[in-house]
Every structure is written in C-alpha cells, then in structure tokens.
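A.B. asks: Next comes the sequence, and after it the predicted model I'd like to discuss.
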Amino acid sequence: MTNPLIWWVRRDLRLRDNPLLVQAVVSGRAVVPVFILDAETEALGAAAKWRLGLSVAAFARDLEAIGSRLVLRRGPALEVLRGLVAEVGAGAVHWARLYDPASVARDTAVKAALRSEGLEAVSHAGHLLFEPWTVATGQGGFYKVYTPFWRSVKDRDVAGPSAAPRALLGPQAWPASDDLADWRMGAAMNRGAGVVAVHACVGEAAAQARLAAFLDGPVGGYKERRDFPAEAATSRLSENLTYGEIGPRDVWHGGMRALQDGRAGAEHFLKELVWREFAYHLLHHTPHITTQNWRPEWDNFAWRGDGADAERWRRGMTGEPFVDAAMREMYVTGTMHNRARMIVASYLTKHLLTDWRVGLRWFEECLIDWDPAANAMGWQWAAGSGPDAALYFRVFNPETQVEKFDPKAVYRHRFIAELANVPGRDARAFFDAVPRAWGLDAGAPYPRRMVDLAVGRKRALEAYAQRNSGIDHA
Ligand SMILES: Cc1cc2nc3c(=O)[nH]c(=O)nc-3n(C[C@H](O)[C@H](O)[C@H](O)COP(=O)(O)OP(=O)(O)OC[C@H]3O[C@@H](n4cnc5c(N)ncnc54)[C@H](O)[C@@H]3O)c2cc1C
C-alpha cells in the first residue's frame, strides 16, 4: 500500500460532489482527513465560527459512518500538516481551493513549503462551478459586469456531481485528535447561540434535503416571489454552500433538471447561483474588493465612520421598520433575506452616509452564511463603489420598499416585537439574543425614525454628486 494522503478539510465539509475525494479514493491510498483551527479560522466572525463548529461536528459523524474519522488539530496550518505527515508517514497533502486573499497567501506558502520537502501538495476545485481564471472576455481580461459573465458560462458543460464514497480507507493507526468542545467555537456568540441554533440547517444530509424541498416547491415561483422576505420562496442554500455542505454542481444540476421540467423560476435561480460565481471571479481578479473601494474614484469620498448612528443601525433601532426587521432577522436567524440586505446596506451607506466597511464587518460578525466574496460584492454594489454597482442616485426608499415587498406587514411583525399586538417567538427572541449590555427592552415603545427619509436621500444625493470635491460629511 502506498503512503497515506492527508485531506486538509476546510470549506468542503461533504462526501458527495467532492472532486478531491474522488481522486483520493481512486488513488487507493489511506486517507487522513484533518480540520485545522489556525489563525485564519480563529479570525472568523462570531456567528460564522460558531456555525462552522456545528458543521465540523456533523462532518465528523458522516466520516465515522463510512469508517473514517476527522482529526482535529490546532495551530499554524503548515506546522500542523508537517507534524501529521511525520506521524502517519503521509506522502501527500490535498485540499480544496479557497479564494480570499488570506487563504490564498496561506495556501500558497503551505504548498511551496511541502513541495520543497518532497511531498505531493495538490489543491483541487470544488467550491465553485467555474474556476475564476477559466472565464475570460474576448480580449482575455476578466468580467466586470454580470450579464456578459452569465452569457459566457450559461451553456458550459458542468460535470455531474460525484456520489459519496461508501467507505474510506483509513491509516493503520489513527493519530490523536483534539476535542471539538475544547475549541469553544461558539464562545463569542454568548447567549445568541441558543437563539440562532433553532434556525440553523446543519450538515450534508440537511443541505441535500433543503435543496430537494426547494426543487419540489418554491423553485417554480422563484422569479416572482424571491423578493418577498416573509415568504419561504428562496433556497436558503447560502448557509450550506459557504461551508461546502453541498457542492455547487449539485445545486446547478438540480436547477437544470427543474428547468428541463419546465419549472418557470429555474433559470432565474441558476442566474442567482452564478452571481456567487461572479463574486468569486471578482474576488480572484481584484482581491482589494474586500477592503478597499473597488472603484478608486471613491477613495476621496468622505464616508462617515462608525458612530452612534451606525450603532442604532446595528441594534435594529433606527425606527425604520424594514431596516430594523432585517437587522433583527440577522440577529435571530443568522441570515437575512436578500432584498432586506439590499435595503439595510443602502440605508447605512446612503441615508446614514456611513462607510460600507462598517456594514461589511457587522455582516461578517453576524451571518452564519457569511461568504467573503458575496458579502464584499453586495456591500460595494449597494454603496456604489463596486463593479456593476447600483447607480449612486438609486437610493432605496425603505418605506415604499416595505409596502411593496411586505404588504401585509408579516415580516415586520415577525421580527419587531414593538409593532406586533402579540409578539411571536422570533420577535421576542431578538431581546434574548442581543447582549444584555445593550439594555434593550421589548416593552419599550418602538423608536422614532432617526432620519427623515427625504432629508436623508437629499443629503446622500448631494454628497454623492460632489464626491470628488472632498467635502467632509462627518
Ligand atoms: C449587502 C449584501 C451582503 C451579502 N452578503 C452575503 C454573504 O455574506 N453570503 C452570501 O452567501 N450571500 C450574501 N449576499 C447575497 C445574497 O443576499 C444571499 O446569497 C442570499 O440572500 C442567500 O439566500 P438564498 O440561499 O435563499 O439564495 P437563493 O435566492 O436561493 O439563491 C441561490 C444561491 O445563489 C447565490 N446568490 C444569490 N444571490 C446572490 C448574490 N446577490 N450574490 C452572490 N450570490 C448570490 C447564493 O449562493 C444562494 O444561496 C449579500 C448580498 C448583499 C446585498
């Protein structure tokens, strides 16, 4: 038997549709799956880190069911991998690629070091449908606008998802593993963990069931209903895609089957899935999208910083019902409806003229479906500083938006206790989830609007129109 292969598991916590695993099984080698709690993983936002811990636990159980294990180790990735290579006599380390700048820097260094030590170090596709460098414009550049990107990929052949292996060969002796509980992945969630746990949908089997349920029902009406936040009209798969509990090829082929079956909303669903690909395309070609204005002409725009207004926004206490319902939805469920994300991002960056990075960081802290590419693209789109961005004079009016997309106030009442006659579970849960130090009281009256919408819109339009004059709006 050849020496074992170490599978460095990161955001590919699944057995099905996993290209790395297919190769590992074909190789006939024993496989040692390891998950490493390194500095990059430690740095995740509170909700994402907690949710990742749940995913790791679920995946460890799935591996055990096929005769394998998930070894848990803590420390710098290269050091941990070197140690494990020595312990099990491994000849190879394989992993599925990630694309954010921190992961790319780490993985590049790990690959170079392992190879220089004579080991096979291989990165695989799996997180995306199309590797970002395989999609190019006619001139050989990258796409900066979504629609031509979609046109260039929509007819590509996407390989069908591979089946999960029934068994996975292990090493002769399993190396020791940390205890996941000792890592305290949920520590920063405090009392929020119990609230969000009710809404989380964890693990590969749950993700597959979620896809199947979506394809059985909501996909048909997806195009018409996807903008109504009170309805269960979207797939909610972002939570599973981000940890790799489901592969994008499975989702793509599911959407394709629905399209072939004549389900009206299927093409629109596939287009949304390709927005995720586009976000990664941008992240790969312009990694500064996560930290700096994508368009440098925004660099001298005098955004307001992280002050009292932003704090009211974070707390869901702006007095603007669509905004507050959405911010509370995020605190209670760990996710937020797409239409609501657009509204709260527009409100923060336009009505409150606050730096988009303030919002980006708060989403990073609170979302269980946090994704480095989609979050950065979404925020820069809303602020106007990104590629394919909302035009600067497009200031969403949260009042007319809520009348249009939540006409019966179901969403508002679900999350804002102060507006409901008899507050339901989720509205009350918000007050259980937030830090006690915020001093929020479900019995207090709903706050008054912090900004008159017309005044805020005018101020935003003036500031945006003068954005190159360097006027200070602080
Ligand atoms: C300010 C802002 C921040 C965002 N932050 C994130 C984030 O951290 N993580 C995240 O996954 N998405 C983010 N999005 C995109 C989008 O809101 C979510 O992907 C979507 O709400 C997830 O719900 P769903 O799974 O039901 O999507 P569905 O409507 O069922 O769509 C299917 C899949 O397509 C992808 N998708 C859909 N819309 C988008 C989009 N606009 N951009 C990129 N991919 C998309 C997702 O992977 C999604 O799961 C953000 C959008 C905005 C405006």
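C.D. replies: Received the coordinates, thanks.
A.B. asks: Tell me who's in contact with Glu224.
C.D. replies: Gly265 (CB atoms under 8 Å, 6 or more residues apart in numbering). To be clear about C-beta, it is placed using only N, CA and C from the backbone, and glycine gets the same treatment.
A.B. asks: For the strand or helix carrying Arg339, list the C-alpha coordinates in CSV.
C.D. replies: Per DSSP states H and E: Arg339 is located in helix 338-346. C-alpha atoms of helix 338-346 as CSV (Å, rounded to 0.1, in the frame of the first residue of the first chain):
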residue,chain,number,x,y,z
ASN,A,338,-31.6,39.3,0.0
ARG,A,339,-34.0,42.1,-0.5
ALA,A,340,-33.5,43.1,3.1
ARG,A,341,-29.7,43.0,2.7
MET,A,342,-30.0,45.5,-0.1
ILE,A,343,-32.2,47.7,1.9
VAL,A,344,-30.1,47.8,5.1
ALA,A,345,-26.9,48.3,3.1
SER,A,346,-28.4,51.2,1.1
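A.B. asks: ok, residues contacting it?
C.D. replies: By CB under 8 Å, 6+ apart, helix 338-346 touches 226-229, 234, 313, 322-323, 325-327, 329, 336, 356, 359, 363, 378-379, 382-383, 390, 394-396, 398, 401-402, 405, 411.
A.B. asks: Whichever of those residues end up buried, select them in PyMOL.
C.D. replies: If you want just the buried ones from those in PyMOL, going by 16 or more other CB atoms under 10 Å, the selection is:
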select buried, resi 226+227+228+229+234+313+322+323+325+326+327+329+336+356+359+363+378+379+382+383+390+395+396+398+401+402+405+411
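A.B. asks: Now cross-check the contacts of helix 338-346 against the ligand and list the overlap.
C.D. replies: Arg226, Thr234, Phe363, Gly378, Trp379, Ala382 (CB under 6 Å from any ligand atom).
A.B. asks: from memory Met185 sits against Gly53, does it?
C.D. replies: Yes. Counting by CB atoms under 8 Å, Met185 does reach Gly53; the two are 2.9 Å apart.
A.B. asks: thinking again about what came up before, just the ones next to the ligand among the contacts of helix 338-346: which are in strands?
C.D. replies: Among those, DSSP state E puts none in strands.
A.B. asks: doesn't Trp381 make contact with Val145?
C.D. replies: No. Judged on CB under 8 Å, Val145 makes no contact with Trp381 at a distance of 11.8 Å.
A.B. asks: Overlap of the contact sets of these two?
C.D. replies: Common neighbours of Val145 and Trp381 (CB under 8 Å, 6+ apart) are Asp388.
A.B. asks: So if I had to pick from those two, which one is more boxed in?
C.D. replies: When Val145 and Trp381 are compared for neighbours, Trp381 comes out ahead with 21 against 11, by other CB atoms under 10 Å.
A.B. asks: So the residue nearest to Ser235 when sequence neighbours are not counted versus Trp8, what's the distance?
C.D. replies: In space, and not counting its chain neighbours, Ser235 is closest to Phe214: 4.2 Å by CB to CB, 6 or more residues apart in numbering. From Phe214 across to Trp8, the span is 31 Å (CB to CB, to the nearest Å).
A.B. asks: Repeat that for Thr400.
C.D. replies: Thr400 is 49 Å from Trp8, by CB to CB.
A.B. asks: thought the residue nearest to Ser235 was touching Asn240?
C.D. replies: No. Look at Phe214 against Asn240 with CB under 8 Å: they stay out of range, at 11.2 Å.
A.B. asks: Those two - which one has more neighbours?
C.D. replies: Set Phe214 next to Asn240 and count neighbours by other CB under 10 Å: Asn240 wins out with 26 against 22.
A.B. asks: residue boundaries of the strands in the stretch 51-200 of the chain?
C.D. replies: Here the stretch 51-200 of the chain has its strands, by DSSP state E, counting those that start in this stretch, at 71-74, 92-96, 120-124.
A.B. asks: what stretches of the protein score poorly on pLDDT?
C.D. replies: Along the chain, the model assigns pLDDT under 70 to residues 1, 390, 468-474.
A.B. asks: and stretch 184-202, C-alpha only, in CSV?
C.D. replies: Extracted C-alpha coordinates of stretch 184-202, given in CSV (Å, rounded to 0.1, in the frame of the first residue of the first chain):
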residue,chain,number,x,y,z
ARG,A,184,-15.1,26.7,22.1
MET,A,185,-16.1,27.7,18.6
GLY,A,186,-19.3,29.4,19.8
ALA,A,187,-17.7,31.4,22.6
ALA,A,188,-18.2,34.8,21.0
MET,A,189,-21.9,34.1,20.4
ASN,A,190,-22.7,34.2,24.0
ARG,A,191,-26.5,33.8,24.6
GLY,A,192,-27.2,34.3,20.9
ALA,A,193,-26.1,30.7,20.0
GLY,A,194,-29.3,29.1,21.5
VAL,A,195,-31.5,31.5,19.6
VAL,A,196,-29.8,31.1,16.2
ALA,A,197,-29.5,27.3,16.7
VAL,A,198,-33.2,26.9,16.1
HIS,A,199,-32.8,28.2,12.6
ALA,A,200,-29.6,26.6,11.5
CYS,A,201,-29.7,23.7,9.0
VAL,A,202,-26.5,21.8,9.6
